[in-house]
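Q: Got a sequence here, can you build the structure:
(2 chains)
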There are 2 protein chains.
Amino acid sequence: MDTVRLGIIGFGAQGGYYSRILAAKMVPGMTLGAICDIDPARRDAARGQYPDVTTFDDIDALLASDAVDAVVTTVPHYLHPEFAIKALTAGKHTLVDKTKPDLTFAIMFNQRTNPLYIELKQLLDSGELGALRHWNWIITTWWRPQGYYQQSEWRATWGGEGGGVLVNQAPHQIDLSQWLCGMPKKVFAKLGFGFRRDIAVEDEVVALFDLGGGATGSFTTSVHDVKGTDRLEILLDGGKIVVDNSETVTIMRFREEEQVASARTTPESTKRLFAGENILGDDFVTTETKTYHSVWGQQHATVLTNFAAHILDGTPLIAPGSDGIKGVRLANAMHLSAFLGAEVDMGFSEDHFLHELNARIADEGKFDLQPE
Amino acid sequence: MDTVRLGIIGFGAQGGYYSRILAAKMVPGMTLGAICDIDPARRDAARGQYPDVTTFDDIDALLASDAVDAVVTTVPHYLHPEFAIKALTAGKHTLVDKTKPDLTFAIMFNQRTNPLYIELKQLLDSGELGALRHWNWIITTWWRPQGYYQQSEWRATWGGEGGGVLVNQAPHQIDLSQWLCGMPKKVFAKLGFGFRRDIAVEDEVVALFDLGGGATGSFTTSVHDVKGTDRLEILLDGGKIVVDNSETVTIMRFREEEQVASARTTPESTKRLFAGENILGDDFVTTETKTYHSVWGQQHATVLTNFAAHILDGTPLIAPGSDGIKGVRLANAMHLSAFLGAEVDMGFSEDHFLHELNARIADEGKFDLQPE
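A: Numbers count the residues shown, from 1 in each chain, chains lettered A, B, ... in the order given. Sure, this is the predicted structure:
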């Protein structure tokens, strides 16, 4: 195989977007193989835009055909697992926007291809700035008005979607937090269920992550801040990083590890500090600021390119399913902590989580329970 | 009485500072009545600077004299309660930098006189911006190098000081948080004890406050960030406030409460939102930015002036002891939560806290236990 033919499952906003990226030839090694949608009007639209591409009205028909080598699912979240299992069973490589535990495939964690976060991860992984002390991310730029939740019956329900901002909007930052700063040992979270939206699930989250050895992470997200904040701060032994709006990075590098310099101070030098002297010297901190500009489609095109390259020649995946499960575990841990009103050890049993989730699905009375 | 004669107990850096504020006639209704210090060199310095002011080498002698009507204590924290009780028993009005529960007097919460926080409190109390959703304060500008902790045996010990950054540096912001945003119902905190300093007590704090009804507060403080952050963000139903460096305030006022505007949206208008349209209108948010400049001595002079006015004519105190206890309860709750590894209800018993504190004082083996 020298080209991967991709089937788009669901020709809504996201499916249309992926089609345009492929049509724009932004993904080496991949072509648009087929489009599948149950809605006749959408199939008409697809044929109008891509006359050479076969359309299907049913996922089973698409998978039974030889039109595609791989699929990307852009359907309601609750259909992802079912469709992904169908596609994998039919021998198609599979890329999903979000995932569920125990399925292994690639995930559209497009922010992992953002040059800002790639360079930030390289800096953190290099060890140049030493061990982590704490991070704090306020990511409330996910404003969703009430009309958004009226789009469908399954949205923002326990049975249909399995949660709110933690499973729909914030998974990208939840993944980035662990990709950049590591998985926590314990999680404590406060969730507001229907706090400022008329929904069953969480529209507001504040959480503390215990990263072990005294290091911590603080995470705030919500869907009701019309002037949302996106501010990530990371303090390390040898430096400090502030990321504003996922666009501007300020890197403060220390001449040596802060506690090494601190250990040489004395009561006498502390007096000079309180008198206003910079006792570590003006060259102790070197500050660098970088601004990144995003290019339309580039992040998703990079994930698709990587997905194609993995299928074609085994290039390691940017976001394999085995990594995706970390973010899912974190979201589940935040849910479970809020359900129990207690800190949760990251060794928690998935059955415990499902049991609590199913209690809420049962109360809701609109959807089938999850298999425990 | 038409003038309050103030006795300065302890002529170190802080006592010298208060003396200069009084000598500069920045405090109407108050004069420098006496200076007390056990150190002969400091008494000599005091006589050199203020030849007309009586000095004492012993607090009991000062209190037995008729030289002062009121005192301010600027001694090691562990002596505050003892000295305050002595002063109150001797019939002197008393102002302390920090306090302990069950003593009732004024507290040097000078930040309550900062015009920035006064105007912010007025704005919040006015109700113009509606109910609180969440606040997040990162206050890590309290950098203290190791030499600071070598100044004395009692500093940063359980028996001598009773804690670290929560009892020494951050009480001002802990007080402001509850003064501005109200007391929480429950507190969960992670404290790093000797995390990046060679001390017994906490040098790192992250905490979640449950304010009831889904509203929350997130609090981060530490003494080991050489490039400390001071950033307070408050989200409300009708607006959002960001305070940078206790100096710049950005107030975003919404045309109406956010959830009222949200409730009028539809699936159709949400599609226009995702297509990039500002569906609430460009006039939905009005942004105002104010910058405040601090004047040397002004905050402390204002607290002293208020203290004098309260003594002279009953003017309500800016920070009565009964308010100070709220900050102490909050600090104790954060300690107790970290000791227990669990969320603490703000109705916790002070005996429970003292019992846990005494266990740590006993382990330390250097100081007497606190009375339980």
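Q: Any idea how far apart the tips of stretch A:280-297 sit?
A: In stretch A:280-297, first residue to last residue: 45 Å (CA to CA, to the nearest Å).
Q: Just the buried positions in it, please.
A: A:Leu280, A:Phe284, A:Val285, A:Tyr292, A:Gly297 (16 or more other CB atoms under 10 Å in any protein chain shown). Backbone N, C-alpha and C define where each C-beta goes, glycine included.
Q: Surely the fourth one is in contact with A:Asn114?
A: Yes. Proximity of A:Tyr292 to A:Asn114 meets the contact threshold set by CB atoms under 8 Å, at 7.3 Å.
Q: Sticking with A:Arg360, tell me its helix or strand.
A: helix A:350-364 (DSSP states H and E).
Q: And for A:Arg133?
A: strand A:132-139.
Q: Could you pick out the longest helix of chain A?
A: helix A:321-340 (DSSP state H).
Q: Quick check: the residue of the stretch 101-250 of chain A nearest chain B.
A: Residue nearest to chain B within the stretch 101-250 of chain A: A:Gly147 (3.3 Å; CB to the nearest CB).
Q: contacting residues around that residue?
A: For A:Gly147, the contact set (CB atoms under 8 Å, 6 or more residues apart in numbering or on different chains) comprises B:Ser262, B:Thr265, B:Thr266, B:Pro267, B:Glu268, B:Ser269, B:Thr270.
Q: what about the last one, how many neighbours?
A: This means B:Thr270. The tally of other residues near B:Thr270 (other CB atoms under 10 Å in any protein chain shown) stands at 19.
Q: can you pull the buried residues of the one helix or strand it maps to?
A: Following DSSP H and E, one finds B:Thr270 within helix B:267-274. Using 16+ other CB under 10 Å as the test for burial, helix B:267-274 gives B:Thr270, B:Leu273.
Q: May I ask which helix or strand of chain A has the lowest mean pLDDT?
A: Of all helical and strand segments in chain A, the minimum by mean pLDDT, DSSP states H and E falls on strand A:106-107, at a mean of 69.
Q: Against chain B, how distant is A:Arg43?
A: 20 Å (CB to the nearest CB, to the nearest Å).
Q: what helix or strand is that residue on?
A: If you go by DSSP H and E, A:Arg43 is part of helix A:40-49.
Q: The next helix-or-strand element following that helix pairs with which strands?
A: Following helix A:40-49 in sequence order, the next helix or strand is strand A:54-56 (DSSP H and E). Sheet pairing of strand A:54-56 (DSSP bridges) gives strand A:30-36 (parallel).
Q: ok now the partner strand, how far from the chain's centre?
A: Relative to its chain's centre, strand A:30-36 lies at 25 Å (CA atoms, centre = their mean, to the nearest Å).
Q: Let me know the angle separating that strand from helix A:40-49.
A: For strand A:30-36 against helix A:40-49, the angle by axes from the mean of the first three to the mean of the last three CA atoms, to 10 degrees is 150 degrees.
Q: outside of strand A:30-36, which residues touch it?
A: A:3-11, A:15, A:19, A:22-23, A:43, A:46, A:50, A:53-59, A:61-62, A:65, A:67-69, A:304-305, A:307-308.
Q: In helices only, show me these.
A: Checked against DSSP H, the contacts of strand A:30-36 include these in helices: A:15, A:19, A:22-23, A:43, A:46, A:59, A:61-62, A:304-305, A:307-308.
Q: What are the buried residues along stretch A:339-346?
A: A:Phe339, A:Glu343, A:Val344, A:Met346.
Q: So for the first one, what's the nearest residue that isn't a sequence neighbour?
A: Closest residue to A:Phe339 apart from its sequence neighbours, by CB to CB, 6 or more residues apart in numbering or on different chains: A:Glu356 at 4.5 Å.
Q: And A:Gln299, by the same measure?
A: Closest residue to A:Gln299 apart from its sequence neighbours, by CB to CB, 6+ apart: A:Asn110 at 3.8 Å.
Q: what stretches of the stretch 101-250 of chain A score poorly on pLDDT?
A: A:101-106 (pLDDT under 70).
Q: ugh, wrong one, I meant the stretch 251-372 of chain A
A: For the stretch 251-372 of chain A (pLDDT under 70), the answer is A:321-322.
Q: what does it have sitting close to chain B?
A: A:252, A:254, A:258-259, A:261-270, A:273-274, A:279-280, A:284-285, A:341-343 (CB under 8 Å from any CB of the partner chain).
Q: who touches the helix or strand containing A:Gln259?
A: Using DSSP H and E, A:Gln259 maps to helix A:258-263. With CB under 8 Å, 6+ apart as the test, helix A:258-263 has contacts from A:237-238, A:254-255, A:280, A:284, B:145-147, B:196-198, B:224-226.
Q: If you count neighbours, what's buried in it?
A: A:Glu258, A:Gln259, A:Ala261, A:Ser262.
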